[in-house]
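Trainee: okay, predicted coordinates and the sequence, questions at the end:
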Amino acid sequence: MPEIPDLEGYRAYFNKRLPGLRVVSAEAPIAWIVRAGREEFLERMQGQVFRPVERKAKLLLFPFAPQGGCAGGNGDYVVVHAMLAGRYQYVEPGARRPRMLCWLLALDNGLQLRYFDERRMGRAYLVRAEEFAEKVPRWTEMGPDVMDPELTEDRFVGIMLRQRGMIKNALTNERVIAGIGNAYADEVLWEARLHPFRKRTDIPEDGLRELCRAIRRVMEWATPIVTQLMEEKGLPTKMYRDHLRVHARSDAACPRDGHRISAITSGGRETNFCRECQA
Ligand SMILES: [Zn+2]
């Protein structure tokens, strides 16, 4: 699943290319992925001009200016939740169409922005700014984005102090804090030297403060790596994860102490950590 560094990579990639481009036409071969419905999507997207792409939690937001490109106008957004398998292409129209192509936008520079989804779990919402709460599911229930500057260390600690249960579950629960998934949760907990199954109530406030700093350090470390990979190797079909230190590294050596990385699978997701340096 794309997580913050991946989505920030997309954002940087698209912002180098899309702003100012106009949508000439749209297609929606798998129309139900687009929650507006095919007719409305095709009609409403035509003539829209891309503004800079934004991210909130695991959502990528494509804002548009009304035809003519008035900046900052109260235009439409395409809000994409890619879930596990939603991917993008930015290609020539003749490029081979991927299986499970859900929607595409043909642009006035001759290229196409395409979204495909092998599992068809992702969704795209066509909404106006004032309609987010009403039309984007769970928008209002989401906790603060972990990279939101308004999420101060004190506020983070305050939120965490209200949680019970295991720390990894709190980190990956978007109703608590938003944007961290299974892979980067493992990285963050390794960075903070916290055992993923440790109960939040057993972690002193100092540990929670360090956890907050570890989140920012990991995201700020990984985002430029992923951004550069997308520039060099192109938009991924499988997320770029070779730089990770513990996630999906079971039996490899912990980069900190050489101890073997452990793997525990529960609820269909694997958790990786080091028993030596994470307590
Ligand atoms: Zn270790």
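Mentor: Alright, I've got the coordinates. Numbering: from 1, shown residues only.

Trainee: what's the nearest residue to the residue of the stretch 51-200 of the chain found nearest the ion if we skip its chain neighbours?
Mentor: Nearest residue of the stretch 51-200 of the chain to the ion (CB to the ion) works out as Trp190 at 7.4 Å. Yep, even glycine has a C-beta here, placed from its N, CA and C like the rest. Distances taken as CB to CB, 6 or more residues apart in numbering place Val246 nearest to Trp190, at 4.5 Å, with adjacent residues excluded.

Trainee: what parts of the stretch 151-279 of the chain come near the ion?
Mentor: Residues of the stretch 151-279 of the chain lying close to the ion by CB under 5 Å from the ion are Cys254, Arg256, Asp257, His259, Cys274, Glu276, Cys277.

Trainee: quick one: contacts for the closest residue to the fourth one other than its chain neighbours?
Mentor: What that stands for is His259. Spatial nearest neighbour of His259, chain neighbours left out: Glu276 (3.6 Å); criterion: CB to CB, 6+ apart. Glu276 makes contact with Cys254, Arg256, Asp257, His259, according to CB atoms under 8 Å, 6 or more residues apart in numbering.

Trainee: for the last one, grab the count of nearby residues.
Mentor: Counted with other CB atoms under 10 Å, the neighbours of His259 add up to 13.

Trainee: pretty sure it contacts Phe273?
Mentor: No: His259 is beyond contact range of Phe273, at 10.2 Å (criterion: CB atoms under 8 Å).

Trainee: so where do the strands sit in the stretch 101-250 of the chain?
Mentor: All strands of the stretch 101-250 of the chain, identified by DSSP state E, counting those that start in this stretch, fall at 101-107, 112-117, 123-128.

Trainee: mind putting those strands into a markdown table with mean pLDDT, distance to the ion and mean neighbour count?
Mentor: Converted to a markdown table, the strands of the stretch 101-250 of the chain look like this (pLDDT from 0 to 100; distance: least, CB to the ion, whole Å; neighbours: other CB atoms under 10 Å):
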| stretch | mean pLDDT | distance to the ion | mean neighbour count |
| --- | --- | --- | --- |
| strand 101-107 | 97 | 41 | 21 |
| strand 112-117 | 97 | 36 | 23 |
| strand 123-128 | 94 | 38 | 20 |
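
Trainee: many thanks, we can stop here.
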